[in-house]
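Peer 1: Build the 3D model from these lines:
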Amino acid sequence: MSIEHVLAVVHVSDIEAGRQWYARLFGRPEDNNPMPSLVEWQVLPGAWVQVFHDPDRAGTDEVNFAVDDLERHIDELAGRGLEPGGIADASKGVRLSRLRDPDGNVVSLIGGFRVEY
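Peer 2: This is a model prediction of the structure:
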């Protein structure tokens, strides 16, 4: 098996509210809108976040993003009107900040992430 793309799906109850919130999260409009119930952002080559209208599953998802400068990303998000939580120490130098989209899906920013500990 050769995996070419990874697609993380976030379920929302209102696709337009989801589109607006995730556009603020990523700091830009979506990269693709293949159908009325789906908008997508390419976050890395071959890695996508899909925001999908599914009211029955909305609020049940969690997406983690490892970032290079946790404080800077938190400041940028706050500047875009989002409300990231405080920084919590996890372990081995890893730190986390979480925020929730309008449906309650959790987006975590991870500072200090590395492949091997």
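Peer 1: Could you use CA atoms for every contact and neighbour count after this?
Peer 2: Noted.
Peer 1: Go through the chain and flag its longest helix.
Peer 2: Secondary structure of the chain per DSSP state H: the longest helix is helix 15-26.
Peer 1: quick check, A8 in a helix?
Peer 2: No. Looking at A8 with DSSP: H, G, I helix; E, B strand; the rest coil, it is strand, so not inside a helix.
Peer 1: Quick one: neighbours of the residue nearest to it when sequence neighbours are not counted, just the number.
Peer 2: Nearest non-adjacent residue to A8, counting by CA to CA, 6 or more residues apart in numbering: V49, 4.8 Å away. Using other CA atoms under 10 Å, V49 is surrounded by 19 other residues.
Peer 1: Next: R98.
Peer 2: 19.
Peer 1: just Q20 next, same as before
Peer 2: When neighbours are counted by other CA under 10 Å, Q20 registers 13.
Peer 1: residue contacts, it?
Peer 2: For Q20, no contacting residues are found, by CA atoms under 8 Å, 6 or more residues apart in numbering.
Peer 1: follow-up on the earlier one: okay, the helix or strand just after the longest helix of the chain in PDB with CA atoms only?
Peer 2: Once the chain leaves helix 15-26, the next helix or strand it forms, by DSSP states H and E, is strand 32-35. The C-alpha coordinates for strand 32-35 follow below in PDB (Å, rounded to 0.1, in the frame of the first residue of the first chain):
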ATOM      1  CA  ASN A  32     -11.300  23.500  -2.700                       C
ATOM      2  CA  ASN A  33     -15.100  23.300  -2.500                       C
ATOM      3  CA  PRO A  34     -15.900  20.100  -4.400                       C
ATOM      4  CA  MET A  35     -19.500  20.000  -3.300                       C
END
